[in-house]
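**Student:** Mind folding the following:
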Amino acid sequence: MKESATDTMETESTTSTDSVADSGKGVSQAIEEGWDALGRGTRYAFHVLPGHGTVAGFALGVGAAMAFGVGELVAGCFTAYVSYRYFAYGESLSEAIEKAIKFESGTLEIKEINKPIPEKLL
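**Tutor:** Down below sits the predicted model:
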C-alpha cells in the first residue's frame, strides 16, 4: 500500500503562545522595551550635548510654523529654548514651556538663566 505525503507530515496547529519569546516576554513587550531603551539613550545623548537637542527643537518649531505661514523664526527659537531646558535640565515639558514664556517676556529670574547644567539626570 502506498503511503501518502500527508501521513508523514506533522500537522500541529500554531497557537498564540507560539509568538512568546524564549524569555517569556511577548513580542510587543520586547519591542516596547527596545523603543524605551532607544528613547532613554536619545534623551541621555541630548542631555550630554543639549545644543544638539535645540537643533531638533528649532526644526520642529519652524516646521510647525511653516504649516501656518507666520512667525517661523519666533516659533523656532521658542521651541529650541524649550527643548534646551527639557534636555539640559531634565524639566518636564510644561515646566520648560512655562520658563521659556517667562524668558521671552523678560520675567525669568537671573539665577534660572545662569543655572548650571546638572551632571546627571534622575
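**Student:** Let me know the next secondary structure element after the one helix or strand E98 maps to.
**Tutor:** In the assignment (DSSP states H and E), E98 maps to helix 93-105. Per DSSP H and E, helix 93-105 leads on to helix 110-113 as the next helix or strand towards the C-terminus.
**Student:** could you pull out the helices for the protein?
**Tutor:** Along the chain, counting by DSSP state H, helices occupy 5-8, 27-48, 50-68, 72-89, 93-105, 110-113.
**Student:** I'd like to know which of those helices is closest to E119.
**Tutor:** With respect to E119, and counting by CB to CB, the nearest of the helices of the chain is helix 27-48 at 9.7 Å. C-beta coordinates here come from the backbone N, C-alpha and C atoms, glycine included.
**Student:** sorry, back to before: now do the helix holding E98, average pLDDT.
**Tutor:** Averaging pLDDT along helix 93-105 gives 91.
**Student:** out of the helices of the chain, which comes closest to K120?
**Tutor:** Closest approach to K120 among the helices of the chain is made by helix 27-48 (8.1 Å; CB to CB).
**Student:** counting contacts, what elements does the helix holding E98 pack onto?
**Tutor:** Secondary-structure packing of helix 93-105 (3 or more CB pairs under 8 Å, 6 or more residues apart in numbering; DSSP states H and E): helix 72-89.
**Student:** what residues does the helix it packs on touch?
**Tutor:** Helix 72-89 is contacted by residues 43, 46-47, 50-51, 53-62, 64-66, 91-93, 95-97, 99-100, 103-104, 115, 117-118 when judged by CB atoms under 8 Å, 6 or more residues apart in numbering.
**Student:** No further questions, thank you.
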